[in-house]
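A.B. asks: what follows is a predicted protein model with its sequence.
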Amino acid sequence: MRVNRHEVLLTIQGVSDAKVVIDRIRVVVVGLRRAPLIGTLVDIQCGEPFEYRYLEANLDKNPPSVTSKTTGSIGGERNARLDPAKFPYQVAIDEAESFVVSSVISKYDVDWRVEVDWSSQGQSGTIEVYDNGQPFRTTSSSSVSATCAWWDSGLLVKESSKNCQT
């Protein structure tokens, strides 16, 4: 489970020389929207360079809205420059595209999945993407009682921590 933001990396590649067109990527909420979990938010601050097409899904909306972004926060890196996703994309066995689907939430605790619409050689379909066979789960931090952030070196990030007992 993730809190406030959940980033899913998709690398899509064909299985033959035939071109496959990725027509759309969307996010679907699975089940009911629940109240956010109560507890302590623990965060590890880290980040590294990346090259992905970037989509942001707002899970507070019903249905979730998915938008392409050019700047934002990803993998702990703030104000990163991002490659926006502009559909359609073509892939094949020797051509892949990588996408980050970043869900954001501020009000609920939600289970969700990613759906990828494709077409190739007169056929079309939808691939459902799960977290090891289970829906992804993201909750808002609006009900947390403490926030504890650490650098990946193990040092507490005091300016990002609140009510954290170490």
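C.D. replies: It's in.

A.B. asks: when you work out contacts or count neighbours from here on, use the C-alpha atoms and nothing else.
C.D. replies: Fine.

A.B. asks: for the protein, what's the longest strand?
C.D. replies: Secondary structure of the chain per DSSP state E: the longest strand is strand 109-120.

A.B. asks: can you list the buried residues in that one?
C.D. replies: 109-118 (16 or more other C-alpha atoms under 10 Å).

A.B. asks: which of those residues lies closest to residue 69?
C.D. replies: residue 114 (17.3 Å; C-alpha to C-alpha).

A.B. asks: is the closest one in a bridge, and if so with what?
C.D. replies: Beta bridges link residue 114 to residue 27, residue 129, judged by DSSP bridges.

A.B. asks: point out where the protein drops to low pLDDT.
C.D. replies: Within the chain, the set of residues satisfying pLDDT under 70 comprises 1-4, 36-51, 70-82, 144-145, 166.

A.B. asks: how far off centre is the longest strand of the chain?
C.D. replies: For strand 109-120, the separation from the chain centroid amounts to 11 Å (computed by C-alpha atoms, centre = their mean, to the nearest Å).

A.B. asks: which residues sit against that strand?
C.D. replies: The contact list for strand 109-120, computed with C-alpha atoms under 8 Å, 6 or more residues apart in numbering, reads 18-37, 59, 124-130, 135-140.

A.B. asks: and stretch 153-165, which residues are buried?
C.D. replies: For stretch 153-165, by 16+ other C-alpha under 10 Å, it's 156, 161, 164.

A.B. asks: in TSV: these, plus secondary structure.
C.D. replies: As requested, those are exported to TSV (DSSP: H, G, I helix; E, B strand; the rest coil):
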residue	secondary structure
156	strand
161	coil
164	coil
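
A.B. asks: closest to residue 84 out of the residues you listed?
C.D. replies: Among the buried residues of stretch 153-165, and counting by C-alpha to C-alpha, the member closest to residue 84 is residue 161, at 31.7 Å.

A.B. asks: show me what the closest residue to residue 86 other than its chain neighbours is bridged to.
C.D. replies: Distances taken as C-alpha to C-alpha, 6 or more residues apart in numbering place residue 68 nearest to residue 86, at 7.5 Å, with adjacent residues excluded. According to DSSP bridges, the residues that bridge with residue 68 are residue 55.
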